[in-house]
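Novice: predicted model and sequence follow; I will ask about them next.
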Amino acid sequence: MLNIVILAAGLGKRMQSDLPKVLHTLAGKPMLAQVIDSARQLSPDRIIVVVGHGAEAVKKAFADQADIEYALQQPQYGTGHAVQQALPLLVGGDNPEDTTIVLYGDVPLVQPATLKRLLDARAGGMAVLTETLQDPTGYGRIVRNASGQVQSIVEHKDATAEEHKICEVNTGILAAPTAKLKDWLARINNNNAQGEYYLTDTIGLSVQDNIPVNAAQPDASWETLGVNSRVQQAQLERAWQAEQAQRLLTQGVTLADPARFDLRGTLECGRDVFIDVGCVFEGDVKLGDGVRVGPHCVLRNVTLGAGSQVEAFSHLEQATAAENTKIGPYARLRPGTELAAHAHVGNFVELKKTRLGEGSKANHLSYLGDAEIGERVNIGAGTITCNYDGVNKFKTIIEDDVFVGSDTQLVAPVTVKKGATLGAGTTLTKDAPADQLTLSRNRQTTIENWTRPVKKQD
């Protein structure tokens with residue numbers, strides 16, 4: 001059986017924030033959520049989060065995730081003490097293959113492949129995740145014997161001058177036999193410079209018990225970087241975004257500037273996709289072949305068909321567009337928007353819970369909400385669907401081949417029949433018949449002998 005314990009009790013004083021450190025975001029998610037997502041890829045039998053500072057806020061943030069158990073560390077006496085609090089919640093232990101992995105809520109980007117490698121290295125003993133650094137200052141050193149086997153981990157403050165020369169360091173992440181981990185944690189002490197119970201002391205106890213200690217290393221150095229300050233948070237964010245940009249470039253996506261690109265979810269791209277500078281992708285986004293996204297756009301849970309174009313400063317959320325659509329600049333597609341093939345949504349047009357049919361156009365300064373719009377419809381500038389009476393929402397239906405003149409208000413519920421024309425300035429409160437002109441205007445009047453007012457002199 002597999003347990004995963006995630007340590008998330010720290011104060012995070014250097015973050016200078018009232019928010020618990022592990023709830024600060026990286027790549028669009030709380031850091032703790034990133035760790036939990038990676039942990040789930042191993043299909044563990046139990047995930048245990050050790051909370052302390054801000055415990056209630058952390059629990060509230062993950063209240064909808066039933067597979068998470070919580071252990072409270074209060075006060076905090078080190079990493080070994082933290083894992084001790086989780087011991088009553090561990091499952092398994094009777095089988096020597098039962099394993100517990102320890103992760104950290106402020107080391108957010110460790111990847112599932114690395115965790116699987118660590119789990120493989122644990123077979124027949126225990127395993128630690130290590131890394132070799134040019135400057136290991138501040139890190140616990142990996143001490144090996146003459147045969148190259150891991151013997152112990154010495155914290156930087158407790159290391160000798162000779163041990164300070166070691167460049168292989170401890171990341172804090174380890175995998176251990178569950179039964180032995182319980183035994184070792186009962187045997188550790190706090191006889192060290194910090195007066196804390198170190199989880200790393202279990203390494204020496206494993207050696208004492210003649211249980212081999214193996215090591216695994218991550219694929220990328222950023223996987224094991226921790227976040228203790230806003231500076232480190234920003235640095236790790238850029239490292240992660242650079243990695244995502246490199247992956248997309250390798251797949252054939254053109255990024256106008258990889259340094260000005262942000263992915264906060266998943267992005268699936270077809271062939272010959274172009275993404276301009278300053279774009280943000282959140283949730284699950286899919287871009288078909290030949291899609292072009294202009295500068296400074298935000299796409300959140302969006303699917304765009306092949307050949308579609310999104311012009312600058314457009315915001316799309318929970319929307320879909322078929323092939324060869326044109327969107328923006330400065331367009332906003334809100335949740336529930338569907339664009340059929342060859343539809344156009346122009347500048348300062350907002351759609352919400354609306355379907356715009358094939359070949360239909362809304363090119364200027366319009367709001368279309370709760371609407372079903374047919375094919376080859378032209379929506380004039382300044383058109384709005386009046387879909388909300390202050391309490392309830394109502395639907396507007398515009399059938400095929402309708403022409404809606406500028407500055408028209410459609411007071412829902414209302415239907416514009418096929419082929420109808422609405423004159424500019426119309427306020428439509430009743431259904432418009434097919435193939436006829438409907439308009440509502442006051443008669444134009446000219447007042448003779450009218451004089452424009454003149455400003456009075458002081």
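Specialist: That came through fine. Numbers count the residues shown, from 1 in each chain.

Novice: where does the protein have low pLDDT?
Specialist: Counting by pLDDT under 70, the chain shows no low-confidence range.

Novice: how's it carved up into domains?
Specialist: 2-224, 230-438 (automatic domain parsing).

Novice: as CSV, the ones you listed with mean neighbour count and distance to residue 455 would be great.
Specialist: Just so you know, the C-beta spots here come from the backbone N, C-alpha and C atoms, and that holds for glycine as well. Listed next are the domains of the chain as CSV, based on neighbours: other Cβ atoms under 10 Å; distance: least, Cβ to Cβ, whole Å:
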stretch, mean neighbour count, distance to residue 455
domain 2-224, 18, 56
domain 230-438, 19, 31
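
Novice: residue 451: which of the ones you listed is closest?
Specialist: domain 230-438 (27.0 Å; Cβ to Cβ).

Novice: span of that closest one from start to end?
Specialist: For domain 230-438, the first-to-last residue distance is 60 Å (Cα to Cα, to the nearest Å).

Novice: now stretch 121-131
Specialist: Terminal-residue distance, stretch 121-131 (Cα to Cα): 15 Å.

Novice: ok, stretch 82-94 next?
Specialist: Stretch 82-94: ends 23 Å apart by Cα to Cα.

Novice: what's the answer for stretch 439-446, then?
Specialist: Terminal-residue distance, stretch 439-446 (Cα to Cα): 20 Å.

Novice: on that earlier part again, so which of the domains of the chain is nearest residue 456?
Specialist: Across the domains of the chain, closest to residue 456 is domain 230-438 (Cβ to Cβ), at 34.4 Å.

Novice: just give me how far the closest one sits from the chain centre.
Specialist: Relative to the chain's own centre, domain 230-438 is displaced by 21 Å; criterion: Cα atoms, centre = their mean, to the nearest Å.

Novice: ignoring the adjacent residues along the chain, who's closest to residue 358?
Specialist: residue 340 (4.0 Å; Cβ to Cβ, 6 or more residues apart in numbering).

Novice: from what I can see the one you found touches residue 356, true?
Specialist: Yes - under the criterion of Cβ atoms under 8 Å, residue 340 makes contact with residue 356 at 6.5 Å.

Novice: contacts for stretch 24-35, please.
Specialist: 6, 8, 12, 15, 17, 21-23, 37, 49, 58, 61-62, 103-110, 227, 233, 236-237, 240-241, 263-265, 282 (Cβ atoms under 8 Å, 6 or more residues apart in numbering).

Novice: among these, which lie within helices?
Specialist: 37, 58, 61, 233, 236, 237, 240, 241 (DSSP state H).

Novice: the second one contacts residue 8, doesn't it?
Specialist: Yes - using Cβ under 8 Å, residue 58 is in contact with residue 8, at 6.2 Å.

Novice: can you list residues touching both of these two?
Specialist: With Cβ under 8 Å, 6+ apart as the test, residue 58 and residue 8 both reach 20, 22, 32, 49, 51.

Novice: helices or strands up against the helix or strand where residue 128 lies?
Specialist: Here residue 128, judged by DSSP states H and E, is contained in strand 126-132. For strand 126-132, the packing partners by 3 or more Cβ pairs under 8 Å, 6 or more residues apart in numbering; DSSP states H and E come out as helix 112-121, strand 168-177, helix 201-208, strand 213-216.

Novice: got those as JSON lines, with distance to residue 384 columns?
Specialist: Compiled in JSON lines, these are given as follows (distance: least, Cβ to Cβ, whole Å):
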{"stretch": "helix 112-121", "distance to residue 384": "48"}
{"stretch": "strand 168-177", "distance to residue 384": "56"}
{"stretch": "helix 201-208", "distance to residue 384": "66"}
{"stretch": "strand 213-216", "distance to residue 384": "60"}
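
Novice: of these, which is nearest residue 254?
Specialist: helix 112-121 (27.3 Å).

Novice: that closest one packs against which elements?
Specialist: helix 31-40, strand 99-104, strand 126-132, strand 168-177, strand 213-216.

Novice: repeat that for 7 Å
Specialist: Here helix 112-121 touches strand 99-104, strand 126-132, strand 168-177, strand 213-216, going by 3 or more Cβ pairs under 7 Å, 6 or more residues apart in numbering; DSSP states H and E.

Novice: that one vs strand 168-177, what angle?
Specialist: Counting by axes from the mean of the first three to the mean of the last three Cα atoms, to 10 degrees, helix 112-121 lies at 70 degrees to strand 168-177.

Novice: identify the farthest-apart pair in the shared contacts of residue 58 and residue 8.
Specialist: Largest pairwise distance in those, by Cβ to Cβ, is 11.3 Å, between 20 and 49.

Novice: one step back: distance to residue 426 for the helices and strands packed on helix 112-121 - can I get that in JSON lines?
Specialist: As requested, the helices and strands packed on helix 112-121 are arranged in JSON lines below (distance: least, Cβ to Cβ, whole Å):
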{"stretch": "strand 99-104", "distance to residue 426": "62"}
{"stretch": "strand 126-132", "distance to residue 426": "68"}
{"stretch": "strand 168-177", "distance to residue 426": "67"}
{"stretch": "strand 213-216", "distance to residue 426": "70"}
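
Novice: which of these sits closest to residue 387?
Specialist: Of these, nearest to residue 387 by Cβ to Cβ is strand 99-104, at 48.0 Å.

Novice: outside of the closest one itself, list whatever touches it.
Specialist: With contact meaning Cβ atoms under 7 Å, 6 or more residues apart in numbering, strand 99-104 is reached by 2-7, 35, 39, 83, 90, 110, 115, 118-119, 122, 172-178, 181, 199, 226.

Novice: what is the orientation angle of that strand with strand 168-177?
Specialist: 140 degrees.

Novice: strand 99-104 pairs with which strands, and in what direction?
Specialist: Sheet pairing for strand 99-104, assigned by DSSP bridges, gives strand 2-8 (parallel), strand 168-177 (antiparallel).

Novice: what sits against the closest residue to residue 75 other than its chain neighbours?
Specialist: Closest residue to residue 75 apart from its sequence neighbours, by Cβ to Cβ, 6+ apart: residue 52 at 7.7 Å. Residue 52 sits next to 9, 10, 72, 73, 74, 76 when contact means Cβ under 7 Å, 6+ apart.

Novice: if I look at residue 52, how far off is residue 290?
Specialist: Distance, residue 52 to residue 290, using Cβ to Cβ, to the nearest Å: 51 Å.

Novice: before we move on, what about residue 376?
Specialist: 24 Å.
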